[in-house]
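*Asks:* Pasting the sequence and the predicted model now:
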Amino acid sequence: MTIQLPNPSQHAARQRRIFQSLLLPGEDRARVTEVFRALSECGLRREDPRLRALVAGLEELPRDATLDEPSFFDLTRQGLLVLEAAISGHLILPEFGDFAASVREVFAEAELERGGKVADYIPQLGRVAPEQFGLALCTIDGQRVALGDAETPFCIQSVSKPLNYCFALEELGEAAVHRHMGCEPSGVSFNELALNRDGVPHNPMINAGGIMSSMLIQQNEPISDRFDHVTSMWTRLAGGVRPGFSNATYLSERATADRNFALGYSMREHRALPAGANLVEGLEFYFQCCSLEMTCDSLAVVAATLANGGMCPVTGEQVISARTVQSCLSLMLSCGMYDYSGEWAFRIGLPAKSGVSGVVLTVVPNVMGICTWSPRLDAQGNSVRGIEFCRRLVERFNFHVYDGLGGGVRQKADPRRRSKVDDRQLLVDLCWAASEGDCEGIQRLVLRGADVDASDYDGRTPLHLAASEGRIDAVRCLLGLGASAACRDRWGNTPADDAEREGQTMVAELLAPSQATRSA
Ligand code: GLU
């Protein structure tokens, strides 16, 4: 895809429209607080790397500062595209405030769940306060929500598996990786001593497959470099947030790892390991990857990177290829939720991976990544609240992969679409601005997505109204925005006809040639 950069005059026109849309009625300077309000209303954060220069410039100013056009232009040389998309409602979830409010409700409903038991096979997990509940989401445009204990670090455990699989795929390619593992659900428990008919792990999402991915990643490098490689990949996936490491968890995992050692030896016996693999080192590397610590907030960005085909939404870096992400998401959908995977795919219909620390990483492809964390687990080892949150979310919104089929399941909301009410309101406001001759208002509403040629129940467009009222500047402005002078209302009149009838001769003259050229 080639991206067409705007030429300098288009760029200036866009800056002007954004500036005008930030002005409060009757003011000609933009308030700094308005810029921040516009950003946070659509879920963008001040720390967003794409907005760094803009925010740094704004934060140097006093809180109550206002900006004239030239200084606004100066500040928005970077970050303009994001700001424009935010203000004009062109981010993936255009009515983000409403969506975030629903998410808060769903979160509160899921919080009522008090069932389940914290994993206690190692003391580091057993000691975690069970009541904690965090949620974060990040859209593919970097819109963010963080609730509850979203900033509390926890060990990622099995959520390391899908990503280690990605790292192995990136390095070795699908054919080489899948010589050492399959892509079928195992049908048995995640840590079962079982391999498939070819003597390799059933898939990369269960323990045997997770160990295998760890064996494959940078196999010939020193273990320290392999660990650095993995942490640096996580940092890039998370938009620059480096994972922590719980040494206590690692030591406990290693000390209680008879089953994982048994899996390793069984794979070696079946000659499933890559040639020259150091079994103990590979297992230790696997425990280390499980002991990385992250928060819901940073994992949501990782999930959003997957939702976005491997490109991190907040840095714009293509961290892993879309092909790799496709393989990973396919297996997360069929195998990511332990023995609940089939039912999860059936009911929730989204790729996800859970871990025994109570984390659930869920991907809504092309929309967003979600991470929940709450330590109490159900009988299958999945976080009770994590499952409940996703179940309720998918009940409200059409996120299940098959919700869109044949326009089915219409009772669910689609947060990717602006509501009809909103579109109607935009038209009402645009007609009003046109008849009042409010050019700034017109620009602002068109920037927000109002259709310049939409008409009311009488077939009258904003141009009809501006023409009847003799608002010559508004007529010029609407024509400049591409309004058609040839449209007819339900009495068959064009805007020029209206101007003539109302005695607005200047407007009639202005419209006559454009009408002629348009209808020619
Ligand atoms: N460290 C855990 C194990 O290998 C991972 C458990 C999990 O989250 O599924 O037993």
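*Replies:* That came through, no problem. Numbering: from 1, shown residues only.

*Asks:* Would you mind naming what in this protein lies close to the ligand?
*Replies:* 157-158, 190-191, 207, 253, 260, 290, 355-356 (C-beta under 6 Å from any ligand atom). In this view, the C-beta of every residue, glycine as well, is placed from N, C-alpha and C.

*Asks:* let's see it at 8 Å
*Replies:* Counting by C-beta under 8 Å from any ligand atom, the chain comes close to the ligand at 121, 157-159, 161, 190-191, 207, 210-211, 253, 257, 259-260, 286-287, 290-291, 338, 354-357, 381.

*Asks:* Take those residues and keep only those in strands.
*Replies:* 354-355 (DSSP state E).

*Asks:* Could you pull out the helices in the stretch 151-300 of the chain for me?
*Replies:* 160-172, 174-177, 207-216, 223-237, 247-255, 258-269, 279-290, 296-307 (DSSP state H, counting those that start in this stretch).

*Asks:* meant to ask about the stretch 351-500 of the chain
*Replies:* Under DSSP H, counting those that start in this stretch, the stretch 351-500 of the chain gives helices at 384-396, 420-436, 439-447, 462-468, 472-480, 495-501.

*Asks:* Quick check: which of those has the most neighbours on average?
*Replies:* For these, average neighbour numbers computed from mean count of other C-beta atoms under 10 Å are highest in helix 462-468, which has a mean of 29.

*Asks:* Does anything pack onto that helix? Which helices or strands?
*Replies:* Secondary-structure packing of helix 462-468 (3 or more C-beta pairs under 8 Å, 6 or more residues apart in numbering; DSSP states H and E): helix 420-436, helix 472-480, helix 495-501, helix 505-519.

*Asks:* In JSON lines, list those along with mean pLDDT.
*Replies:* Formatted as JSON lines, these follow (pLDDT from 0 to 100):
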{"stretch": "helix 420-436", "mean pLDDT": "83"}
{"stretch": "helix 472-480", "mean pLDDT": "92"}
{"stretch": "helix 495-501", "mean pLDDT": "95"}
{"stretch": "helix 505-519", "mean pLDDT": "73"}
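
*Asks:* quick one: residue 441 and residue 428 touch, right?
*Replies:* No. Between residue 441 and residue 428 there is no contact, the gap being 12.0 Å when judged by C-beta atoms under 8 Å.

*Asks:* returning to that earlier point: hey, which of the helices of the stretch 151-300 of the chain is tucked in deepest?
*Replies:* Scoring the helices of the stretch 151-300 of the chain by mean count of other C-beta under 10 Å, the most buried comes out as helix 296-307, with a mean of 29.

*Asks:* residue contacts, the residue nearest to residue 221 when sequence neighbours are not counted?
*Replies:* What sits nearest to residue 221 in space, not counting adjacent residues and going by C-beta to C-beta, 6 or more residues apart in numbering, is residue 229, at 7.4 Å. By C-beta atoms under 8 Å, 6 or more residues apart in numbering, residue 229 lies in contact with 167, 217-218, 221.

*Asks:* gap between residue 229 and residue 288?
*Replies:* Distance of residue 229 to residue 288, given as C-beta to C-beta, to the nearest Å: 12 Å.

*Asks:* Return the distance of the residue nearest to residue 221 relative to residue 163.
*Replies:* Going from residue 229 to residue 163 by C-beta to C-beta gives 12 Å.

*Asks:* try residue 99
*Replies:* Distance from residue 99 to residue 163, counting by C-beta to C-beta: 27 Å.

*Asks:* That'll do, ta.
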